[in-house]
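Peer 1: One predicted model, sequence on top.
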Number of protein chains: 2
Amino acid sequence: MADIKYEIKEKLGTLSESSKGWTKELNLISWNGREAKYDIRDWAPEYEKMGKGVTLSKEELKELRNILNDINLD
Amino acid sequence: MADIKYEIKEKLGTLSESSKGWTKELNLISWNGREAKYDIRDWAPEYEKMGKGVTLSKEELKELRNILNDINLD
């Protein structure tokens, strides 16, 4: 993945942190200079390494929000 | 990925559908017979193939819901 360039445009929140310091985060990220997309992904401390993740458009994130507000998570 | 067994326990919602019929979905999935986890992932029609995705615990999904309700997506 060394040839993928990315820029974290906005840190939106941390979902969890593992015992080794990796964090699962929602960020707005520009990949290879393209338009920024929302991104849910695991990151090593200081963003040194990244895990697998999903990128989402704003519309997908809105739909996800609606689904999460509809289902019972408690 | 042919040796990964999974069972979709509950379909929670579809975030989007591509022109080729792939859907981005939130599901509750058991991987290799383990306890089911929440999962955001792209799927080919009829779940024939899967794309990359993230799995999330219930706590991570709750935190994601809180973040999404806090940020302005409109």
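Peer 2: Yes, it's here.
Peer 1: alpha carbons only for contacts and neighbour counts from here, please
Peer 2: Will do.
Peer 1: Neighbours of residue A:13, how many?
Peer 2: 18 (other CA atoms under 10 Å in any protein chain shown).
Peer 1: which non-adjacent residue is nearest it?
Peer 2: residue A:26 (5.4 Å; CA to CA, 6 or more residues apart in numbering or on different chains).
Peer 1: Wait, a strand at the one you found?
Peer 2: Yes - under DSSP: H, G, I helix; E, B strand; the rest coil, residue A:26 sits within a strand.
Peer 1: chain center to stretch A:24-37, what's the gap?
Peer 2: Centre-to-centre, stretch A:24-37 and its host chain are 8 Å apart (CA atoms, centre = their mean, to the nearest Å).
Peer 1: Which positions in it come out as buried?
Peer 2: A:24, A:25, A:26, A:27, A:28, A:29, A:30, A:36, A:37 (16 or more other CA atoms under 10 Å in any protein chain shown).
Peer 1: Next secondary structure element downstream of the helix or strand bottoming out on mean pLDDT in chain A?
Peer 2: When the helices and strands of chain A are compared on mean pLDDT, DSSP states H and E, strand A:50-56 comes out lowest with a mean of 94. Downstream of strand A:50-56, the next assigned helix or strand under DSSP states H and E is helix A:58-70.
Peer 1: quick one: that next one to helix B:58-70, angle?
Peer 2: Angle, helix A:58-70 to helix B:58-70, by axes from the mean of the first three to the mean of the last three CA atoms, to 10 degrees: 120 degrees.
Peer 1: and chain A, which of its residues are near chain B?
Peer 2: A:12-16, A:26, A:40-41, A:52-54, A:58, A:60-65, A:67-69, A:71, A:73 (CA under 8 Å from any CA of the partner chain).
Peer 1: Would you convert the buried residues of stretch A:24-37 into a markdown table that also reports pLDDT?
Peer 2: Shown next, in a markdown table, are the buried residues of stretch A:24-37 (pLDDT from 0 to 100):
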| residue | pLDDT |
| --- | --- |
| A:24 | 98 |
| A:25 | 98 |
| A:26 | 98 |
| A:27 | 98 |
| A:28 | 97 |
| A:29 | 97 |
| A:30 | 97 |
| A:36 | 97 |
| A:37 | 97 |
